[in-house]
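# what follows is a predicted protein model with its sequence.
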Amino acid sequence: MIELFLTLAPDWALRHAAPLLVVIPMMCAPLCVFIPSGRIAWFISILASALSLFMALLLLAQVQTVPGGQISYELGGWEPPLGIEFAVDALNATILLLVAAFGVLAVVFSWPTVAAEVRAEKRAMFYGAYLVCFTGLAGVAITGDAFNMFVFLEISSIATYVLVALGASRDRRALPAAFNYLVMGTIGATFFVIGVGFLYAATGTLNMADIATRLPELEGSRTVQAAFAFIIVGLGLKAAMWPLHQWLPNAYAYSPSFVVVFLSATATKVALYALIRFLFTVFSPEFAFEGASFGMLFMPLGIAAMVVCSFQAVFQTDVRRTLAYSSVAQVGYMLLGLSLGTAIGLSAGLLHLVNHALMKGALFMAVAGVVLTYQGTTLRDFAGLGRSAPWTMTAFAIAALSLIGVPLTAGFQSKFALLVAVQDQGLWWAALLIVFASVLAVIYMGRIMEAVFFKPPHNPQKIHKEAPITILVPLWILALANLYFGIDASFPIGLADSAASAVLGGGS
Amino acid sequence: MTEDHHVILRVVAKLLIPLITLYAFYVHFHGEYSPGGGFQAGVIFAVAIILYSLIFGVPAALRAVPPVFARCLAAFGVLLYAGVGVAALLGGGNYLDYDALANDGPGEHVGQHLGIILIELGVLFGVAGSMLAIFYAFAGRVAEIRDEDW
């Protein structure tokens, strides 16, 4: 299957898959500025995302077949320690596939919601901003250069602030949410670049693989330790690590539906990838200060996120805010997985990362369908929707079950893997807390499901109104993926395992 | 209007604006050998138009250089930069490998010269366009200061 795919692909695509993945959306974004029609910009965005997905698949296939499992691409023909390098291994090939796949699904789904929520003259520019955001996220995931990563992180973040603020035509609260996100995100980026600066001062290089080879001899250096602290805080802010997540609930609650679908599945995931890259490839768990940070920082923060944000999710009356708090809680699960520092822990965290994108993508798509047809996101608006929009709500229910972690769904697979990994370290209390947080998930998703399926409609005149087909198709693709990967999880587990072993085994 | 309060300002500005524009391109083309380059040149270029709008009023500047033009200029800059990279790809090199842009003999660096000038031109357009767009976004919000309020 992989061999066939590789032989069918044209030669230039094989050779230049890494830069093309980033360049195609980057060139389509300014193209959208010249185009007056939002619909044509939508087609361009679909095309660009689909081509990027193709390149991501090529990269994944190449990573799985080349000896050593690493692809390096020299930008501008300059050799890596001096020039900028795009370095792809099993870990970021997975993340790239995730970003590109969700880019395609989200952008296909987007047109009806964008037509309803964004003013006509802004639609083409809106898709341009989306493509810039996509470029940035893909760039963060693909680059092998620490400063280049900062640049791409800022590209994606600045585009994201714009995208969130465009929710203002539906709800004016999008503006303070975007501003809040801008302030927090900029602080995060500043911390990250200060950390990279310290690393550069200590090692004299910006290439991540090169930094990694030079760091062991500098282990006691205060500069390196300060760099570590700055980078953790900076990326923690971007990844919504508890308690640095304050920007997230409002940004998710008030941004346009398309933006929240895309961001919930990709943005925090990419920041988390950057965190993993720095923790395991650039720095190494063998350093005393990093080993300490796993037990003293990531594990408590991860568990606190799981429990506290699940509690907060229970008390929200807005469905989108419930899901947003749940997102922060899920980041906690992933942090707990990587804080174990073991291969199975990291693999479980990555598996949950992929699965969480699947379920949150589906949930937010279903909510977007409701926003489109009934103009509301509160629990009252959801009452009785099970009867008036059965297809949308069935997909919502499947994804909700997956979020809770019911057997035969993707969420169960990753939570189970996490439990095994935690048990492996003998941390039975952490295992108990995972189960407890899942019970909280039963409560907060249960409240929504109860309203949807058992309460009478808030407005009895509600007619039978399903979301349009362009929303239903990507929504059901995701819902069925949740079921499929719950029954046969060999594909995501294989990806997560090879990613974890690539990061822990060979690199450092 | 019987008398013009700002006649000196206007005359001096009219003299300066073409020089500033010219200087922007000097900074651009000299960026290869001396401090400077596309970013600085772009800012200087935008400053010429911003000066025009400060002296002659934002509406006049909006007529001369409409915001749509500023936006398209910025987008074109990005396209030019990325396009040079793609041209290098088509020439058989890696992305942004300027050597692939020209058929260099040994010891020649025509491709490198061409590449850096073109991408810096892209930066110039991009920065000038964005600066103007940002200026218009802010300047468009406040009412014009009337002559009597000076």
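Thanks, I have the structure now. Residues are numbered from 1 along each chain as shown, chains lettered A, B, ... in the order given.
# can you give me the strands for chain A?
Shown for chain A, the strands assigned by DSSP state E span residues A:71-74, A:85-88.
# wait, A:Gln246 touches A:Val183, no?
No: using C-beta atoms under 8 Å as the test, A:Gln246 is too far from A:Val183 to be in contact (10.3 Å). (C-beta placed from N, C-alpha, C; glycine too.)
# of these two, give the one with the bigger neighbour count.
A:Gln246 (15 against 12; other C-beta atoms under 10 Å in any protein chain shown).
# return the set of buried residues in the lowest-mean-pLDDT helix or strand in chain B.
Per-element confidence for chain B was summarised using mean pLDDT, DSSP states H and E. The lowest value among helices and strands belongs to helix B:58-64, with a mean of 87. Going by neighbour count (16 or more other C-beta atoms under 10 Å in any protein chain shown), the buried part of helix B:58-64 is B:Val58, B:Ala61, B:Leu62.
# one more: stretch A:361-376?
In stretch A:361-376, counting by 16+ other C-beta under 10 Å, buried: A:361-374.
# now pLDDT and distance to chain B too, for those, in TSV please.
Listed next are the buried residues of stretch A:361-376 as TSV, based on pLDDT from 0 to 100; distance: C-beta to the nearest C-beta, whole Å:
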residue	pLDDT	distance to chain B
A:Gly361	90	29
A:Ala362	91	34
A:Leu363	91	35
A:Phe364	91	30
A:Met365	90	30
A:Ala366	89	35
A:Val367	89	32
A:Ala368	87	29
A:Gly369	84	33
A:Val370	83	34
A:Val371	83	29
A:Leu372	82	29
A:Thr373	79	34
A:Tyr374	76	35
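# hmm, stretch A:161-181 in reach of chain B?
No: legend: contact between stretch A:161-181 and chain B by C-beta under 8 Å from any C-beta of the partner chain is lacking; minimum distance shown is 12.1 Å.
# within range of chain A, give me the residues from chain B.
By C-beta under 8 Å from any C-beta, the part of chain B that sits against chain A consists of B:71-72, B:74-76, B:78-79, B:82-83, B:85-86, B:89, B:93-100.
# go again with 10 Å.
B:68, B:71-83, B:85-86, B:88-90, B:92-100, B:115, B:126, B:129 (C-beta under 10 Å from any C-beta of the partner chain).
# and stretch A:253-263, what's its mean pLDDT?
If you average the pLDDT over stretch A:253-263, you get 89.
# now stretch B:11-30
Averaging pLDDT along stretch B:11-30 yields 91.
# got the buried residues for that stretch?
Applying a neighbour-count criterion of 16+ other C-beta under 10 Å, the buried positions in stretch B:11-30 are B:Ala13, B:Ile17, B:Ile20, B:Tyr23, B:Ala24, B:Val27, B:His28.
# any stretches of chain B with poor pLDDT?
Low-confidence segments of chain B, defined by pLDDT under 70, are located at B:1-3, B:142-150.
# please redo it, this time with the cut-off set to 50
Under the criterion pLDDT under 50, no range of chain B is flagged.
# specify the local secondary structure of B:Asn103.
The three-state assignment at B:Asn103 reads coil, by DSSP: H, G, I helix; E, B strand; the rest coil.
# for it, what are its contacts?
Neighbouring residues of B:Asn103 by C-beta atoms under 10 Å, 6 or more residues apart in numbering or on different chains: B:Gly91, B:Val110, B:Gly111.
# go on, A:Tyr252?
Residues in contact with A:Tyr252 (C-beta under 10 Å, 6+ apart) are A:164, A:177, A:181, A:240, A:259-260, A:263-264, A:267, A:320-321, A:323-325, A:327-328, A:360, A:364.
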